[in-house]
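1. Got a sequence here, can you build the structure:
(one chain, ligands or ions: 2)
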Amino acid sequence: MTDNGPMLKVEDIHTYYGDSYVLQGLSLEIAEGQVMAVLGRNGMGKTTLIRSIIGFTKPRTGKVTFDGADITALQPHEIVKLGVALVPQGRRIFPSLTVMENLLLGEKEGSDDGGEEPWDMDRVLALFPRLKERLRNMGNQLSGGEQQMLAFARSLMTNPKMLLLDEPTEGLAPLLVRAMGETLSKLKESKLAILLVEQNMKFALASCDYVHVLNRGRVVHSSTPEELAANEEIKSRFLGV
Ligand SMILES: Nc1ncnc2c1ncn2[C@@H]1O[C@H](COP(=O)(O)OP(=O)(O)OP(=O)(O)O)[C@@H](O)[C@H]1O
Ligand SMILES: [Mg+2]
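-> Numbers count the residues shown, from 1 in each chain. Ligands and ions are numbered 1, 2, ... in the order given. Model (predicted):
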């Protein structure tokens with residue numbers, strides 16, 4: 001990474017859908033190896049933040065820097081090539097391909113810097129043992145939770161430097177939410193930077209190093225997870241808990 005700067009730097013972005021003004025001056029930074037959570041209720045702009053970073057919906061003003069490079073004007077496929085992986089909301093996998101085929105489609109060698117062990121089929125299956133048992137099943141034979149695991153596993157196969165996770169626990173049973181948390185904590189030993197966008201506060205706070213709360217396209221609170229857990233006012237005002 002370039003001179004130990006942050007892996008991702010989002011500076012004062014303003015993002016619109018047509019005339020609809022969604023992200024109203026949002027800034028954040030994620031360091032290598034850091035799990036950054038962004039919490040917010042329905043419609044507050046979490047997915048729009050992810051779309052702004054990966055280039056599907058470009059900010060009208062502001063700047064996004066990834067691994068030292070200004071990516072604000074790049075196309076999504078160029079941003080992905082630099083080492084950003086997205087696990088979109090609603091777990092997109094290929095339903096008519098097997099688990100193995102889904103994973104092979106993600107396979108890509110990362111840039112070889114820092115000598116970290118690369119993600120390959122064996123390493124990914126060790127992290128998601130349930131998928132190992134399902135390798136020959138078609139995507140559409142998997143449960144919702146297994147599909148989420150598969151989408152996650154496939155993104156790792158691209159050997160990214162940063163992972164964008166859009167509500168990975170949405171619609172998952174408690175047991176699978178716990179499994180997802182365990183997966184994230186295992187990933188903490190790697191250098192991966194993770195942006196975790198969530199409505200599930202408990203899950204996000206247990207998994208992240210730092211948290212921002214989003215309300216109507218603005219960051220209204222930033223702290224450690226412990227500080228937010230103890231802040232009843234912010235939780236009730238902006239997260240409805
Ligand atoms: N393609 C679009 N065109 C117009 N408005 C949109 C579009 N996508 C989202 N919006 C609006 O932008 C705002 C932010 O939406 P966004 O999807 O970023 O919210 P979110 O925080 O991800 O919500 P959720 O938790 O439900 O996924 C909402 O008011 C939404 O209606
Ligand atoms: Mg969303």
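2. where along the protein do the strands fall?
-> In the chain, the segments counted as strands under DSSP state E are 8-17, 20-30, 35-39, 61-66, 69-70, 84-87, 162-166, 193-198, 210-215, 218-223.
3. Let's have those strands in CSV, adding mean pLDDT.
-> Rendered in CSV, the data for these read as follows (pLDDT from 0 to 100):
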stretch, mean pLDDT
strand 8-17, 98
strand 20-30, 98
strand 35-39, 98
strand 61-66, 98
strand 69-70, 98
strand 84-87, 96
strand 162-166, 97
strand 193-198, 97
strand 210-215, 98
strand 218-223, 98
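4. Quick one: closest of these to ligand 1.
-> strand 8-17 (3.3 Å; CB to the nearest ligand atom). Glycine gets a C-beta too; all of them are placed from N, C-alpha and C.
5. and the closest one, how far from the chain's centre?
-> 16 Å (CA atoms, centre = their mean, to the nearest Å).
6. same question, stretch 221-241
-> The offset between the C-alpha centroid of stretch 221-241 and the centroid of the whole chain comes to 21 Å, using CA atoms, centre = their mean.
7. Give me the residues contacting that stretch.
-> Residues outside stretch 221-241 that contact it (CB atoms under 8 Å, 6 or more residues apart in numbering): 37, 39-41, 201, 204-206, 208-213, 215, 220.
8. Is ligand 1 within reach of it?
-> No - in terms of CB under 6 Å from any ligand atom, no part of stretch 221-241 sits within range of ligand 1; the closest distance is 11.6 Å.
9. check contacts around the residue of the chain found nearest ligand 2.
-> When distances are taken as CB to the ion, the chain reaches nearest to ligand 2 at residue 47, 3.1 Å away. For residue 47, the set of contacting residues under the criterion of CB under 8 Å, 6+ apart consists of 89, 166, 197.
10. What about those residues, which one has the most neighbours?
-> The residue in the contacts of residue 47 with the most neighbours, by other CB atoms under 10 Å, is residue 197 (25 neighbours).
11. how much space between it and residue 130?
-> As judged by CB to CB, to the nearest Å, residue 197 and residue 130 stand 24 Å apart.
12. Same check on residue 142?
-> Plainly put, residue 142 is 9 Å away from residue 130 if you go by CB to CB.
13. Pick out whichever of the two has more residues nearby.
-> Neighbour count, other CB under 10 Å: between residue 142 and residue 130, residue 142 has more, with 21 against 17.
14. And the pLDDT for that one?
-> According to the predicted model, the pLDDT of residue 142 comes to 93.
15. repeat for the one 4 residues further on
-> At residue 146, the predicted lDDT confidence score is 91.
16. I'd say it and residue 130 touch.
-> Yes - contact criterion CB atoms under 8 Å: residue 146 and residue 130 qualify, at 6.2 Å.
17. Filter the contacts of stretch 221-241 down to the buried ones and hand me the ChimeraX line.
-> ChimeraX command restricting the contacts of stretch 221-241 to the buried ones, with burial defined by 16 or more other CB atoms under 10 Å:
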select :37,39,40,201,204,205,206,208,210,211,212,213,215
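18. Pick the one among the contacts of stretch 221-241 closest to residue 73.
-> Residue 73 lies nearest to residue 212 out of the contacts of stretch 221-241, by CB to CB, at 24.6 Å.
19. does the closest one have beta-bridge partners, and which?
-> residue 38, residue 222 (DSSP bridges).
20. Helices of the protein, start to end?
-> Residue ranges of the helices in the chain, as given by DSSP state H, are 46-54, 76-81, 99-106, 121-127, 129-133, 144-157, 174-187, 201-207, 225-229, 232-238.
21. Return the helix or strand in this protein with minimum mean pLDDT.
-> Of the helices and strands making up the chain, the lowest-confidence element is helix 174-187, at a mean of 91, by mean pLDDT, DSSP states H and E.
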